[in-house]
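1. Any chance you can model this:
(one chain, ligands or ions: 1)
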Amino acid sequence: MLSFRLQQLRLLACNSLNKSHRNIIRSVASGTYNVTTPLNFIGGQRVETEESLSIIDVIEPATGKVMCQMHECGATDVNNAVNAAKQAQLEWGKLSGFERGKILSKSSVLLKQKQEEIARMEVYDTGKPIQEARVDVQTAIDSIEYFSGIASTLCGQHFSLPNGSFGYTRREPLGVVAAIGAWNYPIQIAAWKAAPALATGNAVVCKPSQFTPLTAVALAEVFIEGGLPSGLFNVVQGAGETGNHLTRHPDVAKVTFTGSIETGSKVMQNCAADIRHVTLELGGKSPLILFGDCDITNAVNGALMANFLSQGQVCSNGTRVFIQDDIYDEVVTMLVERTLGIKHGDPHHEHTKMGAMMNEEHAHKVMGFIERAKKEGAEVLCGGELVQMEDPVLRGGSYISPCIIKTGPSDSMEISREELFGPVMNVYSFKTEDEVIRRANDSKYGLASGVFTKDIQRAHRVAASMQAGSCYINNYNIFPIEMPFGGYKKSGLGRENGTVTVDYFTQLKTVYVEMNDVECSL
Ligand code: NDP
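-> Residues are numbered from 1 along each chain as shown. From the prediction side, this is the model:
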């Protein structure tokens, strides 16, 4: 913790310095954030790994330094966590929704008190700018607060049947839920899965990505402080093999997964073997359509929001930006100008708008897409280079300058079809509404979409035509907790957020009540 306080002091010093040198981004990431406590959380406490499959170096993306070494949990640890969850769920599932809601509500208040501390931790873990990490923690708080209220509204239906007989339905928890997350939004993903699962009476075993193990454990401690009984929210750390053990465990009733299509498919296969419930939040290659009549300033802001948050490592990003030909030149000029002005560097710095890529391997993967696009004839309008930060502290991190690529004339290039998961926006021109709808939908993905226009009828017509789980009209990448989020096509199954989520964490029991003698025809 001492090193963390030092970071904060250095941050304050840098903030005051930066008032007079607004373009100089000084480093406050030191590469000295050391994690000394165990990162598994089972039965209400941090515990060491019992069966280690391997040792994983946890790297701070901003500096490339090792923050800690972590053991990858084997079957024994997964089993311990699932057993703790199974035992705890028996009583938790019997509480009223109101009682569960009170504990979640208190947890959301405690999380708010720790928002800054956990946001800092998220920056160490992910390399994203502190301003964004604060928002991520807020979305976690919102989720827990929202589902604390939903908990007391859970109810069934009543059916009047002939001669006084009747029936009703009960919403019952599923049991133990395995929550597996990607590395781009660790605290948000953990909370978006835990809050509805716990509100509806389930217990959770969470496996964060091996790259971002810190904040799920912090969340587990907040829940305990909020009064959540031990064993209801557990964390096992590890990579694919740990996830594999978890998704095959016979006492896991449901898997809620966020990640790539490839892994999602493996998870689904494991679930299929035992007819286990599964929700999949997968990748995207979403279209954003800017019509000639749009408010250009808003459209440019929307396109930036759609591409460069979290270094472009956002599933819902509108990476295919279609611009109507009469405004194409003006919009592209503005986009390039704004993109060149994005402050890139130390993610702990208040003025930084773009931080470090998740790791070197991922940065090289993104660069590979850019290089191949160039060979296929795409034109890089700005950025798209590996940047060596001047500050020696940041030299070990991987930084890619935000990039705009002009593709075409056809949409068949690899860069137009595959998810890069990096700070790369593709721009295309189009002529007509019919044409752009066809091109926008020509994708195996269907996570999100967006349209900017002042024509209200066209806006709704286009929204209805998009083969995607979300469509933003005149904005992009906004996630109010009360609105469902999820994918069409290969972008996923099921929804997170909103009241609909209750359906994905409960099962329905139908009860028939006979008020008369049994009429038997046999
Ligand atoms: P991965 O699919 O590689 O990993 C996702 C999670 O699954 C990680 O915790 C990973 O562990 C784990 N995992 C890996 N192999 C297995 C396995 N065989 N069984 C069970 N779990 C396994 O995705 P990334 O972490 O690379 O995340 C990027 C992807 O996530 C992108 O496609 C992005 O679009 C998508 N995403 C979707 C979101 C949505 O809401 N639709 C939101 C955020 C991201 P480990 O990392 O330790 O290897």
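2. Only C-alpha atoms from now on, for both contacts and neighbour counts.
-> OK.
3. and the closest residue to Ser286 other than its chain neighbours, how many neighbours?
-> Leaving aside its sequence neighbours, Ser286 sits nearest to Gly318 (CA to CA, 6 or more residues apart in numbering; 4.4 Å). Residues lying near Gly318 (other CA atoms under 10 Å) number 30.
4. do Thr333 as well
-> Number of residues near Thr333 (other CA under 10 Å) recorded here: 12.
5. Run the chain-centre distance for stretch 323-337.
-> Chain-centre distance of stretch 323-337: 30 Å, with CA atoms, centre = their mean, to the nearest Å.
6. Contacts for the helix or strand where Gln87 lies next, please.
-> Element membership for Gln87, per DSSP states H and E: helix 75-92. For helix 75-92, the surrounding residues in contact (CA atoms under 8 Å, 6 or more residues apart in numbering) are 42-43, 49-51, 100, 175-176, 201-205, 229-236, 242, 245-246, 249, 251-252.
7. Buried only: go through those for me.
-> 42-43, 49, 100, 175-176, 201-205, 229-236, 242, 245-246, 249, 251-252 (16 or more other CA atoms under 10 Å).
8. In strands only, show me those residues.
-> Under the assignment DSSP state E, those contribute 42, 176, 203-205, 233-235, 252 to strands.
9. Domains in this structure, by residue range?
-> 40-282, 287-487 (the TED database).
10. With distance to Thr506 and mean pLDDT as extra columns, can I get the ones you listed in CSV?
-> Output for these, formatted as CSV (distance: least, CA to CA, whole Å; pLDDT from 0 to 100):
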stretch, distance to Thr506, mean pLDDT
domain 40-282, 5, 97
domain 287-487, 16, 97
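11. can you list these in JSON lines and add distance to the ligand?
-> Below are the domains of the chain laid out as JSON lines (distance: least, CA to the nearest ligand atom, whole Å):
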{"stretch": "domain 40-282", "distance to the ligand": "3"}
{"stretch": "domain 287-487", "distance to the ligand": "4"}
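12. tell me the most buried of the ones you listed?
-> Mean neighbours per residue, mean count of other CA atoms under 10 Å, is largest over the domains of the chain for domain 40-282, with a mean of 22.
13. ok now the helix holding Gln87, how far from the chain's centre?
-> Using CA atoms, centre = their mean, the mean C-alpha position of helix 75-92 is found 25 Å from that of the whole chain.
14. Kindly report the same for stretch 485-492.
-> Offset of stretch 485-492 from its chain centre (CA atoms, centre = their mean): 13 Å.
15. How about the contacts made by Ala133?
-> Ala133 touches 119-120, 122-123, counting by CA under 8 Å, 6+ apart.
16. Repeat that for Thr432.
-> By CA under 8 Å, 6+ apart, the neighbours of Thr432 are Gln324.
17. swap in Ile141?
-> 108-109, 111-112, 191 are the contacts of Ile141 under CA under 8 Å, 6+ apart.
18. same thing but 6 Å
-> Applying CA atoms under 6 Å, 6 or more residues apart in numbering, one finds that Ile141 lies in contact with Ser108.
19. Need the three-state assignment for it.
-> Here Ile141 takes the helix state, with states given by DSSP: H, G, I helix; E, B strand; the rest coil.
20. so how far is Thr242 from it?
-> 27 Å (CA to CA, to the nearest Å).
21. do the same with Val436
-> Distance from Val436 to Thr242, by CA to CA: 43 Å.
22. before we move on, what about Lys490?
-> 24 Å.
23. Ok, Asn202 next?
-> In terms of CA to CA, Asn202 sits 21 Å off from Thr242.
24. And Ala190, by the same measure?
-> Counting by CA to CA, the gap from Ala190 to Thr242 is 17 Å.
25. Then Glu50?
-> 13 Å.
26. same question, His277
-> From His277 to Thr242 the distance is 19 Å (CA to CA).
27. any idea which helix or strand carries Met425?
-> strand 424-430.
28. ok, which stretches of the stretch 101-250 of the chain are strands?
-> 158-160, 166-173, 176-180, 203-207, 233-235 (DSSP state E, counting those that start in this stretch).
29. quick check, distance from the first one to the centre of its chain.
-> The gap between where strand 158-160 is centred and where its chain is centred comes out at 40 Å by CA atoms, centre = their mean.
30. Please name the strands paired to that strand in the sheet, noting orientation.
-> Looking at strand 158-160 with DSSP bridges, its partner strands are strand 166-173 (antiparallel).
31. Give me the contact list for the strand it pairs with.
-> By CA under 6 Å, 6+ apart, the list of residues contacting strand 166-173 reads 156-160, 200-202, 506-513.
32. Those in helices, which ones?
-> Using DSSP state H, the subset of the contacts of strand 166-173 located in helices is empty.
33. closest to Ala373 among the residues you listed?
-> Each of those was scored against Ala373 by CA to CA, and Thr506 proved nearest at 45.3 Å.
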